[in-house]
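Q: attaching a predicted model along with its sequence, questions to come.
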Amino acid sequence: MHPKPKFRCYLGKPSYMLSKRISKLLYNPVIGISPLLLFSVLIIFRIVESAMLISVFFCTLMVIFSLWLAGRRIYQLLIITSLFTLLLFESLTLFLSPVIVQRYSMVLMEGNFICCLAVMKMLEGRMHKFVDNNLKISLKISVNPALQIYFFVSKLLLIFLPIHLVLLLIYKLLFLTFEGELGLFLLRSLFPLLIIFIGVVEYLNLKWMGKQYKEERFVPVVDDNSRVVGHIALSESLAHSNKFMHPLVRVLLKYDGKLFLKERPRDYPFEPCTVCLPLEDYVNYGENVEEAVKRLLHKHFGKVRLNPRFILKYEHETADRKTLNYLYLLSLDNDKLLKTKDMKGGKLWTEKQIVDNLHKKYFSNAFETEFEYIQSTILLAEKYD
């Protein structure tokens, strides 16, 4: 029987009780700094302890809410950093005098935030390595992009926030008796204005990425047991070589006891200039294997009624990519389809011609892997037919 796996899989179970617009807000990483913005507003009223408790409570709710709304997808890593910042600030209040905490609350909070970002930045390589080596593919697909966005925004914050912190500290030291001046208020306002600015930049960036997302091609990701565990942009997967395994359909064309093969072009991304099957393509996310085969044949031959037969499924890995290959056989009654524009440059090969050129890096690795099976089944049956 033909395999009919449905490549329809979602990472996690996002809530449908809330509007899509609300859920999209969580994609903006700067939302994770909102507890610190709340703190910076509340300390204007000079009640540091209350500002601290309210901000920690709000931050904790945001952590729980973001994880619940996003399911197993992780985007708001800055919320965790904000929570660490507030808890670190609270621990400092146990060792510093109330006067210093009151006067330098904004400086201490911002300094803690910069320290937390710096520590996370130093651990960036280890975090990526841990994700790659320990997490399942389904989690890895969501965590890696989240880490990339997080460290990009962290880099911006680590450039601008230290400058603001120094200015704020200088003002505090120079104007000891003018705590309530308009200048201090404006200087404090630079922190939320900077966060808002970066938030707007990220909003525009995410909007642009959303547009690219619609134009991007997505392919399912399968594990070693051939189970679909998620999906990823094909361009992103190709950029990471054989990090993810994707289902791939290949169609073998046979006519008059011979196999039709074609040399891959020089600009082909995988094993260029090797001879291989002329028909292969990734299965798109949301379609099954048979739909992918029909799409592939329709693309090259148009609206012609064809009935390929499934013959082999196997995992294939090279230095460039990792695929779960589904091999189909299309036996032709005439050579009309072999003379179409897309088949130009290909030719029919006899079994002896193929055997004479095996293991000489003339054929693609995938075809040589398949040929042993083809030879012992299809070509052998052809001899006794």
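A: Received the coordinates, thanks.
Q: where does pLDDT dip in this structure?
A: 1-27, 46, 69-75, 137-138, 141-142, 172, 175-190, 205-215, 383-385 (pLDDT under 70).
Q: the strands in it, which residues?
A: 218-222, 228-233, 245-255, 258-263, 275-276, 279-282, 309-317, 322-332, 347-349 (DSSP state E).
Q: from the contact counts, what lies against the first one?
A: When contacts are defined as 3 or more C-beta pairs under 8 Å, 6 or more residues apart in numbering; DSSP states H and E, strand 218-222 packs onto helix 137-174, strand 228-233, helix 234-239, strand 245-255. C-beta: built from backbone N, CA, C; applies to glycine.
Q: gap between that strand and the chain center?
A: Distance, stretch centre to chain centre, for strand 218-222: 11 Å (C-alpha atoms, centre = their mean, to the nearest Å).
Q: now it - C-alpha only, PDB.
A: Only the C-alpha atoms of strand 218-222 are listed here, as PDB (Å, rounded to 0.1, in the frame of the first residue of the first chain):
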ATOM      1  CA  PHE A 218       7.700  25.600   4.500                       C
ATOM      2  CA  VAL A 219       8.500  21.900   4.700                       C
ATOM      3  CA  PRO A 220       7.700  19.400   7.500                       C
ATOM      4  CA  VAL A 221      10.400  18.100   9.800                       C
ATOM      5  CA  VAL A 222      10.500  14.400  10.600                       C
END
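Q: let's have the strands of the chain in JSON lines, adding mean neighbour count and distance to Phe95.
A: What follows is those, written out as JSON lines (neighbours: other C-beta atoms under 10 Å; distance: least, C-beta to C-beta, whole Å):
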{"stretch": "strand 218-222", "mean neighbour count": "23", "distance to Phe95": "49"}
{"stretch": "strand 228-233", "mean neighbour count": "21", "distance to Phe95": "46"}
{"stretch": "strand 245-255", "mean neighbour count": "22", "distance to Phe95": "52"}
{"stretch": "strand 258-263", "mean neighbour count": "20", "distance to Phe95": "73"}
{"stretch": "strand 275-276", "mean neighbour count": "20", "distance to Phe95": "69"}
{"stretch": "strand 279-282", "mean neighbour count": "20", "distance to Phe95": "58"}
{"stretch": "strand 309-317", "mean neighbour count": "14", "distance to Phe95": "55"}
{"stretch": "strand 322-332", "mean neighbour count": "20", "distance to Phe95": "53"}
{"stretch": "strand 347-349", "mean neighbour count": "15", "distance to Phe95": "80"}
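Q: right, and these - which one's nearest Phe363?
A: Nearest to Phe363, of all the strands of the chain, is strand 275-276, at 5.0 Å by C-beta to C-beta.
Q: was I right to think Lys140 contacts Asn133?
A: No. The pair Lys140 / Asn133 is not scored as a contact, 9.9 Å apart, by C-beta atoms under 8 Å.
Q: show me which of the two is the more surrounded one.
A: Lys140 (20 against 8; other C-beta atoms under 10 Å).
Q: relative to Phe151, how far out is the more buried one?
A: 16 Å (C-beta to C-beta, to the nearest Å).
Q: same check on Gly286?
A: Taken as C-beta to C-beta, the span from Gly286 to Phe151 is 31 Å.
Q: the two: which is more packed in?
A: Phe151 (18 against 14).
Q: and that one, how close does it get to Val355?
A: With C-beta to C-beta as the criterion, Phe151 and Val355 are 53 Å apart.
Q: now do Trp68
A: 60 Å.
Q: circling back to that earlier point, please produce JSON lines containing the strands of the chain, extended by distance to Phe367.
A: Shown next, in JSON lines, are the strands of the chain (distance: least, C-beta to C-beta, whole Å):
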{"stretch": "strand 218-222", "distance to Phe367": "22"}
{"stretch": "strand 228-233", "distance to Phe367": "26"}
{"stretch": "strand 245-255", "distance to Phe367": "9"}
{"stretch": "strand 258-263", "distance to Phe367": "7"}
{"stretch": "strand 275-276", "distance to Phe367": "5"}
{"stretch": "strand 279-282", "distance to Phe367": "10"}
{"stretch": "strand 309-317", "distance to Phe367": "10"}
{"stretch": "strand 322-332", "distance to Phe367": "10"}
{"stretch": "strand 347-349", "distance to Phe367": "10"}
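Q: those: which one's closest to Ile64?
A: Nearest to Ile64, of all these, is strand 228-233, at 23.9 Å by C-beta to C-beta.
Q: so what angle separates the directions of that closest one and strand 245-255?
A: 90 degrees (axes from the mean of the first three to the mean of the last three C-alpha atoms, to 10 degrees).
Q: can you give me the angle strand 228-233 makes with strand 322-332?
A: 90 degrees.
Q: run the chain-centre distance for strand 228-233.
A: 9 Å.
Q: show the backbone phi and psi for Tyr268.
A: phi -70, psi 130 (degrees, to the nearest 10).
Q: can you report how many residues neighbour it?
A: 13.
Q: ok, it - contacts?
A: When the contact criterion is C-beta atoms under 8 Å, 6 or more residues apart in numbering, Tyr268 has no partners at all.
Q: next one: Asn225
A: Going by C-beta under 8 Å, 6+ apart, Asn225 touches no other residue.
Q: and it, backbone torsions?
A: When quoted as degrees, to the nearest 10, the phi and psi of Asn225 stand at phi -100, psi 10.
Q: do you know how far it is from Leu327?
A: 19 Å.
Q: now Arg103
A: Distance, Arg103 to Leu327, by C-beta to C-beta: 73 Å.
Q: what's the answer for Thr377, then?
A: 11 Å.
Q: what is in contact with these two at once?
A: Going by C-beta under 8 Å, 6+ apart, residues that sit against Thr377 and also against Leu327 are Ile311.
Q: quick one, what contacts Leu37?
A: Contacts of Leu37 (C-beta under 8 Å, 6+ apart): 191-192, 195.
Q: highest neighbour count among those residues?
A: Phe191 (22 neighbours).
Q: ok, now which ones touch that residue?
A: With C-beta under 8 Å, 6+ apart, Phe191 has these contacts: 37, 40, 106, 110, 161, 164.
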